[in-house]
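Engineer: sharing a sequence plus its predicted fold:
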Amino acid sequence: MLNPETLAVTCGLCSALAWGAGDFAGGFASRRGNALTVVFFSQLLGGLLMLGLTPMLAEHAPDSRQVMAGMLAGAFGVLGLVGLYKGLGSGRMGLVAPLSAMVTAVIPMGFAFVVEGLPTAMQMGGLAVAMAAVWLLSSPGGELRIQKGELRLSLLAGLGFGLFFILMDHASGQAVLWPLLASKAGAVSVMVVVLTATRQLAPPPKNQVGFILLAGILDTTGTAAFTLAAHLGRLDISTVLASLYPASTIILAWIVFRERLGRRQWFGVAGACVALVLIAV
């Protein structure tokens with residue numbers, strides 16, 4: 001049977017895989033339509049999924065502070081998701097996804113170092129390798145320079161996700177499912193306000209429905225895996241592992257769109273594998 005620390009690492013990796021695939025599906029849908037609509041309906045689907053599962057599987061009634069932290073996490077997270085989907089839809093997936101992940105990882109890592117102290121020397125080495133891997137993934141080199149729009153949306157996504165990680169770690173201190181449901185409620189509420197204010201609240205085109213469903217399911221799966229990882233282990237380790245999600249996004253973009261991968265990006269994928277071994281030791 002896996003010990004809590006190993007299980008936390010496993011969940012962190014699973015969150016990266018699910019989020020990376022979900023971001024690809026959401027980014028693909030955003031290329032064919034409105035990113036705000038894609039985010040809203042994917043989050044609504046995830047919220048309905050959690051609404052059906054949480055009362056049946058959760059053991060304890062929610063604490064008001066956990067619910068509030070979860071809703072704030074969802075609000076920041078969905079703003080990050082809007083930035084990411086817009087970036088993936090209008091820019092290059094192979095640049096936007098890893099750059100946003102690098103920003104995402106830095107914020108909770110600094111917070112965790114202050115609150116929880118430093119991890120073991122081996123894990124510190126793994127974190128350093130993981131950060132280098134994320135940097136390599138976001139640095140294809142050559143003539144593929146980052147455009148201002150890609151940089152701005154990546155920073156927005158990274159800031160939103162970084163705050164989401166911190167708040168979800170706080171919300172999941174004693175429970176997992178109720179804070180997750182609260183985060184979806186916060187995300188949907190923010191999107192309703194945004195879409196109503198911009199007069200863009202409308203059903204998505206039929207050709208986007210399948211990708212939106214897939215994005216919603218994978219996003220919820222990734223969020224659940226990260227919440228469990230943060231509940232069982234350290235925030236910094238869970239965050240860095242989850243921030244490796246660009247690897248699956250980049251590989252899918254390479255397969256489907258034939259986006260060219262630079263040598264540094266392939267080194268980044270290899271470095272991510274090395275980091276996983278060091279962190280899990």
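Structural biologist: Received the coordinates, thanks. Numbering: from 1, shown residues only.
Engineer: show me the strands in the stretch 101-250 of the chain, by range?
Structural biologist: Counting by DSSP state E, counting those that start in this stretch, the stretch 101-250 of the chain has no strands at all.
Engineer: would you map the helices across it?
Structural biologist: For the stretch 101-250 of the chain, the helices defined by DSSP state H, counting those that start in this stretch cover 121-137, 148-171, 177-198, 209-232, 235-242, 246-257.
Engineer: got the angle between the shortest one and helix 121-137?
Structural biologist: Computed by axes from the mean of the first three to the mean of the last three CA atoms, to 10 degrees, the angle separating helix 235-242 from helix 121-137 equals 40 degrees.
Engineer: circling back to that earlier point, tell me which of the helices of the stretch 101-250 of the chain sits most buried.
Structural biologist: helix 235-242 (a mean of 28; mean count of other CB atoms under 10 Å). Backbone N, C-alpha and C define where each C-beta goes, glycine included.
Engineer: related to what we said a few turns ago, of all the helices of the stretch 101-250 of the chain, which one comes closest to Ala112?
Structural biologist: Nearest of these to Ala112, taken as CB to CB: helix 235-242 at 3.7 Å.
Engineer: just the angle for the closest one relative to helix 148-171, thanks.
Structural biologist: Orientation check (the same axes, to 10 degrees): helix 235-242 against helix 148-171 gives 140 degrees.
Engineer: which other helices and strands contact helix 235-242?
Structural biologist: Helix 235-242 makes packing contacts with helix 4-31, helix 93-116, helix 121-137, helix 148-171, helix 209-232, helix 263-280 when contacts are defined by 3 or more CB pairs under 8 Å, 6 or more residues apart in numbering; DSSP states H and E.
Engineer: so for the first one, what gets flagged as buried?
Structural biologist: Going by neighbour count (16 or more other CB atoms under 10 Å), the buried part of helix 4-31 is 8-31.
Engineer: any idea how far the closest residue to Gly271 other than its chain neighbours is from Leu214?
Structural biologist: Spatial nearest neighbour of Gly271, chain neighbours left out: Ala133 (3.4 Å); criterion: CB to CB, 6 or more residues apart in numbering. According to CB to CB, to the nearest Å, Ala133 stands 26 Å off from Leu214.
Engineer: not counting its neighbours along the chain, what's nearest Arg31?
Structural biologist: Gly89 (4.7 Å).
Engineer: which helix or strand contains the one you found?
Structural biologist: Under the criterion of DSSP states H and E, Gly89 resides in helix 64-90.
Engineer: tell me which of the helices of the stretch 101-250 of the chain lies nearest to Ala69.
Structural biologist: Closest to Ala69 of the helices of the stretch 101-250 of the chain, according to CB to CB: helix 148-171, at 3.8 Å.
Engineer: from the contact counts, what lies against that closest one?
Structural biologist: Looks like helix 148-171 contacts helix 64-90, helix 93-116, helix 177-198, helix 209-232, helix 235-242 (3+ CB pairs under 8 Å, 6+ apart).
Engineer: got those helices as a markdown table, with mean pLDDT and distance to Leu167 columns?
Structural biologist: Output for the helices and strands packed on helix 148-171, formatted as a markdown table (pLDDT from 0 to 100; distance: least, CB to CB, whole Å):
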| stretch | mean pLDDT | distance to Leu167 |
| --- | --- | --- |
| helix 64-90 | 85 | 4 |
| helix 93-116 | 76 | 10 |
| helix 177-198 | 90 | 8 |
| helix 209-232 | 88 | 10 |
| helix 235-242 | 80 | 11 |
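Engineer: which one of these lies nearest to Ala253?
Structural biologist: helix 93-116 (4.0 Å).
Engineer: which elements pack onto the closest one?
Structural biologist: Partner elements for helix 93-116 (3+ CB pairs under 8 Å, 6+ apart): helix 4-31, helix 64-90, helix 121-137, helix 148-171, helix 235-242, helix 246-257, helix 263-280.
Engineer: would you mind getting the angle between the first one and helix 246-257?
Structural biologist: This points to helix 4-31. 30 degrees.
Engineer: so which elements touch helix 4-31?
Structural biologist: helix 35-57, helix 64-90, helix 93-116, helix 209-232, helix 235-242, helix 246-257, helix 263-280.
Engineer: again, only this time at 6 Å
Structural biologist: helix 35-57, helix 64-90, helix 209-232, helix 235-242, helix 246-257 (3 or more CB pairs under 6 Å, 6 or more residues apart in numbering; DSSP states H and E).
Engineer: wouldn't Pro204 be in contact with Ala35 here?
Structural biologist: No - contact criterion CB atoms under 6 Å: Pro204 and Ala35 do not qualify, at 11.0 Å.
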